[in-house]
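# Let's see this in three dimensions:
(chains A, B, C and D)
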2 protein chains.
Amino acid sequence: MGIAERKNRQKQALRERILDASRRIVMREGFAALSMRKIADAIEYSPATLYLHFASRDEIAQALCAEGYAQLLETFVPLAGIADPAERLKALGRAYVAFGVAHPETYRLIFMEDPSYTGAALGGAAKGALKGEAALAAEAGITEAEAASRDAAAAEDDPGAAALHIMISALEQLKASGGLPASTDVAVWAEAFWATLHGIVALNLTCPVFPTTSLDTVVAVALDAWLGAPQATRDSTQHATQHATQHATQHATQHAAQHAAQARSAAASVGTRKKKSPGASAEAAAQPDGEPAAQPSRRQPARAATASLAAPAPKRKAAGT
Amino acid sequence: MGIAERKNRQKQALRERILDASRRIVMREGFAALSMRKIADAIEYSPATLYLHFASRDEIAQALCAEGYAQLLETFVPLAGIADPAERLKALGRAYVAFGVAHPETYRLIFMEDPSYTGAALGGAAKGALKGEAALAAEAGITEAEAASRDAAAAEDDPGAAALHIMISALEQLKASGGLPASTDVAVWAEAFWATLHGIVALNLTCPVFPTTSLDTVVAVALDAWLGAPQATRDSTQHATQHATQHATQHATQHAAQHAAQARSAAASVGTRKKKSPGASAEAAAQPDGEPAAQPSRRQPARAATASLAAPAPKRKAAGT
DNA sequence: GTCTATACACTGATAGAC
DNA sequence: GTCTATCAGTGTATAGAC
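Sure thing, here's the model as predicted:
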């Protein structure tokens, strides 16, 4: 069956080329600029060929989403080893925001574009993760290391669920160690916490005046609100929600940022897209390096100064112009 | 100059008709389905005519955004009268989420679609609002009633800034009355708080598995995290972030929901859009009532059960199919 | 089985005739 | 002021060549 295998390999290779080209287009021009014709031009095939490998543009987008989830998970995994659950959650939160800011197009695609995209890698499994598998594991006395390895195993199946798992188990441990009231509903708490992080990233990507000061400061305030001030033992202050806006959390932020930055070298994009430029796609395909040649974006000067990580957001609008 | 005035009136009338038709299309089929041709069909003019009143589709969208901001502000104004600043902030938070869930297409358009839309009504004025005008007012000893009337005055100019103002002044009062540490940076706190609310709404509109339980519960947890448990005086508990997940906050939630629901009668939408149906737009235009004839959406059965307010989210994807 | 060429029904936007 | 005709683009479907 060598022939069949070779054909299969070729098919997979073409599929990979399609995804490569798509990824490049999305990162260069934003998801809205991703068109079947553009992909076809980039890989030098006819548009119809794409449909032999993907049923629709949406399916390509979902494949890219799966990659994005895996990428986000990679950002989380090394942080799962942090001993203190509260610190671990904070590190995860910072890494989450850093990821969204460092890879705006990826984040947009995964969490802000379409429910079918978001659900693609966050379907039933994620629901299971939120519902209490972790709770059972924690109550059974599973160690952190064991939990981490189980997360890693689950990662290949469903990165989204795995990422959730990392957070949930930290939460369970925090609760078990008295860091949270026993009455806390872990699933609800986790969702609300996630929503906070998502809100910060989403507003940063969408709202021109957010944040007015520093993104790190906002993140620090949010983490303190949810997890208490860092160096206090959390029973010495009478109002744990606030205090210490920009203290010792800084180094951890930088660590997370570093990690996120290395996961994928700077997602740059074009502020003002060219109108026509025939052959631009072919040129892109010829470029061997997958990542873009950083082209400075000055869409919102205030933004560049305020975000600690490079986070240009292209005007994503394909259609005809 | 009676002739000129009449012409001006006619021009304004057509502009209004364009916006009316656009609003209807967005609420029926989602923003992505808003096309110039569809609007033109609805008002029975040629597509080119639209460009005499709006420079582009984006400009129409921005006009719709301005309406949406005003609508959101209307939801806030009556809540500005709540005496206790903490309760006021909670009511505002609940109203915000309720608004987003009740008017998903409006919310999407305003806060999740495009930075230029979000910035349209939230430009420099909002930045000013966050920067400390409110702080000065509060320190000068301005009463709540006076502040509210000033907000109302500002509303016509910039609803977005006015809405922010309402929140910021509540925050200032809370801080002044000792509800927050003196070291709190009000602008940062407000942004982080807003991000939490936005995250809840945005995930609810985008992520199929959010929330796994009840939206109200998640909101309650988030409000407690930021503002402390409701009936405690906020210094009796050693860890104020948690406690009381679903206690007495319920009646207030219902109040907010009621208000949001009355502001605009149920934003319904179409789950699976028809493929062609020539004449559908004209039919829509003929319908005198601006609001849609509720057409049940069963996109995500879990969603309908989980959200306490009607929140169908159409598959927003125009393009050709 | 793989792929291309062609076609269809759309999109936003514009030039120019009336 | 309004419309017709048109441009350059879109996702997708299908007939038919290899």
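
# Mind giving me the packing neighbours of the helix or strand where residue A:38 lies?
Using DSSP states H and E, residue A:38 sits within helix A:36-43. Secondary-structure packing of helix A:36-43 (3 or more Cβ pairs under 8 Å, 6 or more residues apart in numbering or on different chains; DSSP states H and E): helix A:2-29, helix A:47-50, helix A:280-286. All C-beta atoms are positioned from the backbone trio N, CA, C, and that covers glycine.

# just so I know, which of those lies nearest DNA strand C?
helix A:47-50 (3.1 Å; Cβ to the nearest atom of the strand).

# Pull out the buried residues from the closest one.
residue A:50 (16 or more other Cβ atoms under 10 Å in any protein chain shown).

# Which elements pack onto that helix?
So helix A:47-50, by 3+ Cβ pairs under 8 Å, 6+ apart, packs with helix A:36-43.

# Return the helix it packs on as PDB; C-alpha atoms alone will do.
In PDB, the C-alpha atoms belonging to helix A:36-43 read as follows (Å, rounded to 0.1, in the frame of the first residue of the first chain):
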ATOM      1  CA  MET A  36     -10.600  31.200  -0.500                       C
ATOM      2  CA  ARG A  37      -9.200  32.900  -3.500                       C
ATOM      3  CA  LYS A  38      -6.400  34.500  -1.600                       C
ATOM      4  CA  ILE A  39      -5.400  31.200  -0.100                       C
ATOM      5  CA  ALA A  40      -5.600  29.500  -3.500                       C
ATOM      6  CA  ASP A  41      -3.400  32.200  -4.900                       C
ATOM      7  CA  ALA A  42      -0.900  31.800  -2.100                       C
ATOM      8  CA  ILE A  43      -0.500  28.000  -2.600                       C
END
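
# For it, what does the pLDDT average out to?
In this model, helix A:36-43 has a mean pLDDT of 96.

# Can you get me a residue count around residue A:212?
18 (other Cβ atoms under 10 Å in any protein chain shown).

# Over to residue A:83?
Residue A:83 has 8 neighbours, counted by other Cβ under 10 Å.

# So for it, what's the pLDDT?
Each residue has a pLDDT score; the one for residue A:83 is 95.

# Could you report the separation of it from residue A:190?
20 Å (Cβ to Cβ, to the nearest Å).

# Going along the chain, name the strands of the stretch 51-200 of chain A.
Under the criterion DSSP state E, counting those that start in this stretch, the stretch 51-200 of chain A contains no strands.

# Once you drop chain neighbours, what's closest to the residue of it found nearest chain B?
For the stretch 51-200 of chain A, the residue closest to chain B is residue A:199, as judged by Cβ to the nearest Cβ, at 2.6 Å. The shortest distance from residue A:199 to any non-neighbouring residue, by Cβ to Cβ, 6 or more residues apart in numbering or on different chains, is to residue B:199 (2.6 Å).

# residues in contact with the one you found?
A:194-200, A:202 (Cβ atoms under 8 Å, 6 or more residues apart in numbering or on different chains).

# Next one: the residue in the stretch 51-200 of chain A positioned nearest to DNA strand C, what pLDDT does it get?
The minimum distance from the stretch 51-200 of chain A to DNA strand C, using Cβ to the nearest atom of the strand, falls at residue A:52 (5.5 Å). Note on residue A:52: pLDDT of 95.

# What values do phi and psi take at it?
phi -80, psi -10 (degrees, to the nearest 10).

# neighbours around it, how many?
11.

# cool, and the one 4 residues further on?
The tally of other residues near residue A:56 (other Cβ under 10 Å) stands at 12.

# DNA strand D versus that one, what's the distance?
Distance of residue A:56 to DNA strand D, given as Cβ to the nearest atom of the strand, to the nearest Å: 4 Å.

# can you put the contacts of residue B:199 in a markdown table and add distance to residue A:160?
As requested, the contacts of residue B:199 are arranged in a markdown table below (distance: Cβ to Cβ, whole Å):
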| residue | distance to residue A:160 |
| --- | --- |
| A:194 | 11 |
| A:195 | 16 |
| A:196 | 18 |
| A:197 | 15 |
| A:198 | 13 |
| A:199 | 18 |
| A:200 | 19 |
| A:202 | 17 |
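
# quick check, nearest of those to residue A:169?
residue A:194 (14.4 Å; Cβ to Cβ).

# ok, that closest one touching residue A:167?
Yes: assessed by Cβ atoms under 8 Å, residue A:194 is found in contact with residue A:167 at 7.4 Å.

# Identify the residues contacting the spatially closest residue to residue A:118 that is not a sequence neighbour.
Among residues not flanking residue A:118 along the chain, residue B:207 sits closest, at 4.8 Å (Cβ to Cβ, 6+ apart). Residues near residue B:207 by Cβ under 8 Å, 6+ apart: A:111, A:115, A:118-119, A:122.

# Restricting to C-alpha, output stretch A:110-119 in PDB.
Written as PDB, here are the backbone C-alpha positions of stretch A:110-119 (Å, rounded to 0.1, in the frame of the first residue of the first chain):
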ATOM      1  CA  ILE A 110     -10.700  31.900  18.900                       C
ATOM      2  CA  PHE A 111     -12.800  33.900  21.300                       C
ATOM      3  CA  MET A 112     -14.400  36.800  19.500                       C
ATOM      4  CA  GLU A 113     -15.400  35.900  16.100                       C
ATOM      5  CA  ASP A 114     -18.000  33.200  15.900                       C
ATOM      6  CA  PRO A 115     -19.600  30.800  18.400                       C
ATOM      7  CA  SER A 116     -18.900  27.900  16.100                       C
ATOM      8  CA  TYR A 117     -15.200  28.800  16.100                       C
ATOM      9  CA  THR A 118     -15.100  29.200  19.900                       C
ATOM     10  CA  GLY A 119     -17.100  26.000  20.300                       C
END
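
# and that stretch, is it in reach of DNA strand D?
No: judged by Cβ under 7 Å from any atom of the strand, stretch A:110-119 and DNA strand D are separated, with a smallest distance of 11.6 Å.

# And the contacts of that stretch?
A:31, A:58, A:61-62, A:65, A:68-69, A:72, A:100, A:109, A:121, A:198, A:201-202, A:205-206, B:112, B:202-203, B:205-209, B:299-300, B:313, B:315-317.
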